[in-house]
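[1] Okay, predicted coordinates and the sequence, questions at the end:
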Amino acid sequence: MPYTITLEPDESRAVHDAIRRGIRGADPSDVGARDYQPLCLALRAADGDIVGGLVGATMWAWLMIDGLWVAEALRGRGHGSGLLARGEAVAAGRGCRGAWLGTFDFQARPFYEGRGYAVFAELPGFPSGHTHCHLRKALTPSPPAGA
């Protein structure tokens, strides 16, 4: 039976979903419940405009932060720290024991290190002349509200 590899013009939701289903179906049972839950926080101005936020997910008792952003005009006022702390608190409430993220040497590495994150891996040359850094931080799981 012949098979072909196709280059999709855009990220196809169908392809993405099929790959995710296949990966989840291959997860060994001895790693515990996957318990994937998206996490999305928005920093909104009084008029409702989004001026910052944090996106990620919790899974296997870890917070995975995909992105944290605050509009440039609002930086240095504690909004980034507040978003990060809120994300960590939500994750701890979900039973997470750690947080993990990636950033570049020209982006927010000092910001995260100043909030207790430590580099555990680096990818030099990504992009050329720079380094992509993976950071982690221990979290203390908290019992769910009402427990």
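    Right, received. Where do you want to start?

[2] what residue ranges in this structure score low on pLDDT?
    Applying pLDDT under 70 to the chain flags residues 26-31, 144-147.

[3] and the residue nearest the centre of it, bridged to which residues?
    Per Cα atoms, centre = their mean, the C-alpha nearest to the average position across the chain is that of Ile65, at 1.4 Å. On the basis of DSSP bridges, Ile65 is bridged to Gly56, Leu101.

[4] from memory it sits against Trp100, does it?
    Yes - Ile65 is within contact range of Trp100, at 7.1 Å (criterion: Cβ atoms under 8 Å). C-beta coordinates here come from the backbone N, C-alpha and C atoms, glycine included.

[5] ok so, going back, where's the residue nearest to the centre of the chain relative to Phe104, distance?
    Distance, Ile65 to Phe104, using Cβ to Cβ, to the nearest Å: 14 Å.

[6] can you give me the helices for this structure?
    Using DSSP state H, the helices of the chain run over residues 13-25, 79-93, 109-113.

[7] Mind jotting down where the strands sit in this protein?
    Secondary structure of the chain (DSSP state E): strands at 37-44, 50-59, 62-70, 98-104, 118-124, 131-138.

[8] Rebuild the ones you listed as CSV, extending it with distance to Ala18.
    Output for the strands of the chain, formatted as CSV (distance: least, Cβ to Cβ, whole Å):
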stretch, distance to Ala18
strand 37-44, 19
strand 50-59, 19
strand 62-70, 21
strand 98-104, 25
strand 118-124, 28
strand 131-138, 27
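
[9] Indicate which one of those strands is closest to Glu8.
    strand 62-70 (21.3 Å; Cβ to Cβ).

[10] If we go by neighbour counts, what in the closest one is buried?
    In terms of neighbour count (16 or more other Cβ atoms under 10 Å), strand 62-70 has its buried residues at 62-65, 68-70.
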